[in-house]
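K.L.:
Need coordinates for the below:
(one chain, ligands or ions: 1)
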Amino acid sequence: MYVKICGLSEPEHVATAVEAGADAIGFVLTRSPRRVTPERAAELAALVPGHVLTVGVFRGEDPETVREAVLASGVRGVQLHGKHPHRDFTALKDLGVRLVRAVDAQADLRCGAYDEDLLIVDAPHAGSGQPWDWAAVRGRPSGHWLLAGGLDPANVGEAIAAAGPWGVDVSSGVESAPGVKDSALIEAFLRAVGKIGG
Ligand SMILES: O=C(O)c1ccccc1N[C@@H]1O[C@H](COP(=O)(O)O)[C@@H](O)[C@H]1O
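P.N.:
The predicted structure follows:
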């Protein structure tokens with residue numbers, strides 16, 4: 001199970017996620033309680049070993065704005081959330097980063113349909129922490145796709161059983177308050193998906 005922990009802003013939580021086995025770490029570079037500057041993302045990304053993918057999260061920005069933030073932060077992946085057209089992905093191809101398309105269940109759920117490397121199927125309101133009908137997408141997405149939206153250490157097992165994803169993505173469910181990550185919850189989430197024993 002591939003696991004992305006999103007919305008990190010403190011070195012302590014980056015270290016916890018890496019040590020506990022996260023495959024990808026997200027830095028929110030768009031409007032959000034979790035927003036960090038590209039410069040802060042660069043400081044945090046420098047703490048992440050090469051086998052863990054660093055991802056910048058965007059929603060609605062034009063490709064030039066995304067490009068500048070990627071170059072300033074050094075993230076190795078770009079997550080475009082919401083209704084970005086295919087041409088936005090095409091415009092970023094030459095950056096050589098992993099492209100991640102994050103959409104709700106109403107969208108085209110074929111991974112690669114927009115030339116992306118990874119698909120995230122999320123709740124209608126991204127980053128809200130609200131669970132949704134995960135079972136509704138069972139069997140629909142194809143390829144490498146992550147389930148997101150309202151996951152937490154207590155429900156992620158049920159969510160995986162319901163939707164059958166290739167991986168999972170979490171933000172609110174590993175926080176003690178909006179935008180405040182909690183190391184114990186990050187570890188609990190990674191334990192719940194089998195990344196750490198015990
Ligand atoms: O986390 C945010 O604040 C955010 C803002 C804008 C776009 C995407 C955002 N997060 C993404 O939302 C899901 C996780 O949601 P949840 O909080 O676990 O319910 C994940 O894909 C994040 O990358």
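
K.L.:
For the rest of this, base every contact and every neighbour count on C-alpha atoms.
P.N.:
Noted.

K.L.:
Model confidence at Gly194, what's the number?
P.N.:
Looking at Gly194, its pLDDT reads 95.

K.L.:
For Ala102, see how far away it is.
P.N.:
Distance of Gly194 to Ala102, computed by CA to CA, to the nearest Å: 24 Å.

K.L.:
Could you count how many residues lie near the residue lying closest to Thr30 once chain neighbours are set aside?
P.N.:
Counting by CA to CA, 6 or more residues apart in numbering, Thr30 lies nearest to Phe58, which is 5.1 Å off, once chain neighbours are set aside. Residues lying near Phe58 (other CA atoms under 10 Å) number 24.

K.L.:
ok, back up a step: which one of Gly194 and Ala102 is surrounded by more residues?
P.N.:
Taking neighbours as other CA under 10 Å, Gly194 and Ala102 compare with Ala102 leading, 29 against 13.

K.L.:
Tell me who's in contact with the residue nearest to Glu39 when sequence neighbours are not counted.
P.N.:
Nearest-residue entry for Glu39: Ser73, 5.7 Å, with adjacent residues in sequence omitted and distances by CA to CA, 6+ apart. Ser73 makes contact with 38-43, 45 under the criterion CA atoms under 8 Å, 6 or more residues apart in numbering.

K.L.:
Buried among the residues you listed? Need that as a selection in PyMOL.
P.N.:
The following PyMOL line selects those of these that are buried, judged by 16 or more other CA atoms under 10 Å:
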select buried, resi 38+40+41+42+43+45
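
K.L.:
Take the contacts of Ser73 and lay them out in JSON lines including secondary structure, distance to Gly157 and pLDDT.
P.N.:
Below are those laid out as JSON lines (DSSP: H, G, I helix; E, B strand; the rest coil; distance: CA to CA, whole Å; pLDDT from 0 to 100):
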{"residue": "Pro38", "secondary structure": "helix", "distance to Gly157": "33", "pLDDT": "98"}
{"residue": "Glu39", "secondary structure": "helix", "distance to Gly157": "35", "pLDDT": "98"}
{"residue": "Arg40", "secondary structure": "helix", "distance to Gly157": "33", "pLDDT": "98"}
{"residue": "Ala41", "secondary structure": "helix", "distance to Gly157": "30", "pLDDT": "98"}
{"residue": "Ala42", "secondary structure": "helix", "distance to Gly157": "33", "pLDDT": "98"}
{"residue": "Glu43", "secondary structure": "helix", "distance to Gly157": "33", "pLDDT": "98"}
{"residue": "Ala45", "secondary structure": "helix", "distance to Gly157": "29", "pLDDT": "98"}
